[in-house]
Every structure is written in C-alpha cells, then in structure tokens.
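Asks: please find the sequence and the predicted model below.
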Amino acid sequence: FNQIQQQCEQLRETLRYHEYQYHVLDNPIIPDAEYDRMMNQLKQLEQNYPQLITADSPTQRVGAKPLASFAQVRHEIPMLSLDNAFSDEDFLAFVKRIQDRINVDTTDLTFCCEPKLDGLAVSILYVDGKLVQAATRGDGTTGEDITLNIRTIRNIPLQLLTEHPPHRLEVRGEIFMPHMGFEQLNEKALAKGEKTFANPRNAAAGSLRQLDPRITRQRMLVLNAYGIGIVEGVSLPDTHYARLQWLKSIGIPVNSEIQLCQGVDQVLSFYRVIGEKRTQLGYDIDGTVLKINDIALQERLGFISKAPRWAIAYKFPAQEELTV
Ligand SMILES: NC(=O)n1nc(-c2ccco2)nc1N
C-alpha cells in the first residue's frame, strides 16, 4: 500500500515540476502526451485508492458541484487601484511629485515597468505553501471568494515549488483570457446560440464569477502575478523586480515583458516599445504600469487615499450578475 502511496507522491512531484516548466518558464521538457499519460496514471491510482487523495494533488483542480453563492472575503491589506497618466507630461508630473517628496534625481530613479494586463485583479493566499483561498479585488476592501474557480486555472500552482514555503504568502495578480481562448469561447457560444462576450476582459470576469467551477475549468484563463500582499515567515528581496523573480522561482507565473528602466527616458521608451508590441502579444493590455522599484522608497511614498474625506457611497448589496 505505501508502495502505491510513494508512487502517487512521485507522480505528483513530477507533474508539478513539468507544470512549472510549461506554465512558468514557458519551456516544456516533455511532450504533452507524456504529461497527460502521467496525469491519467495518477488519476487512476487515486480512483483505486481514494484514501490516498490529497487536496493539493495536481488532479484536484475541479470542484464537484456549483456553489449557491460566493462568500465574501475581507482583504487584510486593501487592494488599491492605480492613478492614471494619459501623456508623457502626466508621467513626468508623477515623477516630479515623487521628487518633491524625496529629493532624488530622475536619472537615479529605477522603475519596474510592466504591461497593464486587461483582466481581473485577484488575491491568492498560500498557507505553508498550499493554495487555501482566492478572492476578487471587489471594492478593494471586500471581494468574492473564488477559490474553487481559481483552482481550475492550470498555470496557478496548488502548491508552491519550494522546500521552505513562507507561513503565509498573498500573491496579487491579474487573471486574463488570451485572444485564442476568447475566440474559442465565442465560437462555441455562437454555435450553441448562447450569448457571446464583448471582449476578453468581460469573458474573464464572467468565467471567474461562475458558480460552477466545471464551467470555469473549460475557459482558457491565465494568471500573471504583479505583487505581494500579506507575507509572513520569509524575508523578501528589497526591490519589486527581485520579488517578482522570487515569485517566479517558487512557481508563480510572471509576465515576460516586465523590465527594469533607469530614469524617465528609458521608461518612456518602454512605454512606446510595448505600445508597438501590443497587437502581437496575444492578450489585451490597456497600457503599462510603472512602479518605483526600490521597496524602501515605495514605503516612504505610501498611498494617497483617492476617496474624498467629506463624502461616502452608501451602496445596496451587489445584485448577482447574469452568469453565463
Ligand atoms: N493590471 C496589471 O497588469 N497590473 N496592475 C498592477 C498593480 C495594481 C496595483 C499595484 O500594481 N500591476 C500590474 N502589472
């Protein structure tokens, strides 16, 4: 019996490794058929010996039945939205505001420059290396618990790829639907006389707000991480770029277009280059996100609460949107 158990564990390790090579490094080292064969072998063993099934086994991606509704999740660290720039002048004004607060020369400022993915912001919590909860951004303070749907997304690891996982790690990122998945979904919807989605962002949102994970599982969704929220039990690198590389090293997918830029001229050239690449990426972006790379500087600059202190929105409960 424990010989079977060892066989299951061995298969799980191997499958996690190949998922990492394929989804995170974009560098599969075995053919898909070989991966599928091992996955089917593990499914067969777990079917014959259900007591051997573990929650983080690579086979455990699909919830059994639909939820009645989504639970609410309160973000311990608020998920704030970004201020916008619409011209070089706006960006330069942003840099000037930074200079006014901390006297530093613009050529000395290092920015981590990222494509702005046009999907849905999510928060994914790993406890002792295991995926335990995922939530939408919602209003920044409270989101919906979409754990079961997030577990169906193939490039999101159910377990971090490290011997010494942090006690708690909250990964923040964007879930988006590549153009290929969007076209495939709308073709199927048309063929079945169902409603089609206007754009990949709506399709991603609709797919994540599905109460039935079996439907979410059929949608081509991708995570790209762009930050960290809660972190306990590990000391992180002191720059944003190095933190993203660390996330990648433990199995979390990070966008391959992200670059470090030194000074405003390099940042503006990144903005133009990504603008030219935009139609070839295979997924929608609606700009770039330009971040001060040094964490100590980020903390000194802090956040501006965009909400006015003199007004409040008293909202009705969210109405369940039509789910596909
Ligand atoms: N949407 C997107 O691609 N984002 N969003 C952020 C972000 C939002 C708040 C802090 O960082 N970063 C990237 N790349």
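Replies: Sure, I can see it. Numbers count the residues shown, from 1 in each chain.
Asks: can you give me the helices in the stretch 1-150 of the chain?
Replies: 2-19, 32-48, 88-101, 147-150 (DSSP state H, counting those that start in this stretch).
Asks: out of the ones you listed, which is closest to the ligand?
Replies: helix 88-101 (14.1 Å; C-beta to the nearest ligand atom). (Glycine included, C-beta is placed from N, CA and C.)
Asks: and the closest one, what other elements does it pack with?
Replies: The contact analysis (3 or more C-beta pairs under 8 Å, 6 or more residues apart in numbering; DSSP states H and E) places helix 88-101 against helix 263-277, helix 295-301.
Asks: contacting residues around that helix?
Replies: 83-85, 104-106, 109, 264, 267-268, 271, 290, 292, 300-301 (C-beta atoms under 8 Å, 6 or more residues apart in numbering).
Asks: now that helix - C-alpha only, CSV.
Replies: In CSV, the C-alpha atoms belonging to helix 88-101 read as follows (Å, rounded to 0.1, in the frame of the first residue of the first chain):
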residue,chain,number,x,y,z
ASP,A,88,4.3,61.9,-21.2
GLU,A,89,3.5,65.2,-19.3
ASP,A,90,1.2,63.3,-16.9
PHE,A,91,4.0,60.7,-16.3
LEU,A,92,6.6,63.5,-15.8
ALA,A,93,4.3,65.3,-13.4
PHE,A,94,4.0,62.0,-11.4
VAL,A,95,7.8,61.8,-11.3
LYS,A,96,8.1,65.4,-10.2
ARG,A,97,5.6,64.8,-7.3
ILE,A,98,7.9,61.9,-6.2
GLN,A,99,11.0,64.2,-6.4
ASP,A,100,9.2,66.9,-4.4
ARG,A,101,8.6,64.3,-1.6
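Asks: could I get the buried residue list for stretch 201-212?
Replies: 201, 203-212 (16 or more other C-beta atoms under 10 Å).
Asks: ah, wrong one, I meant stretch 129-146
Replies: Judged by neighbour count using 16+ other C-beta under 10 Å, the buried positions of stretch 129-146 are 129, 131, 133-138, 142-146.
Asks: how about stretch 9-29?
Replies: Quick answer for stretch 9-29 (16+ other C-beta under 10 Å): 11-12, 15-16, 18-20, 22-24.
Asks: helices or strands next to the strand ranked longest in the chain in the packing?
Replies: Using DSSP state E to define each element, the chain has its longest strand at strand 222-232. Secondary-structure packing of strand 222-232 (3+ C-beta pairs under 8 Å, 6+ apart): strand 110-117, strand 120-127, strand 168-176, helix 240-249.
Asks: nearest to Y35, of the buried residues of stretch 201-212?
Replies: S207 (23.6 Å; C-beta to C-beta).
Asks: on the pLDDT front, check that closest one for me.
Replies: Looking at S207, its pLDDT is 97.
Asks: what strand or helix carries it?
Replies: S207 belongs to helix 200-208 when assigned by DSSP states H and E.
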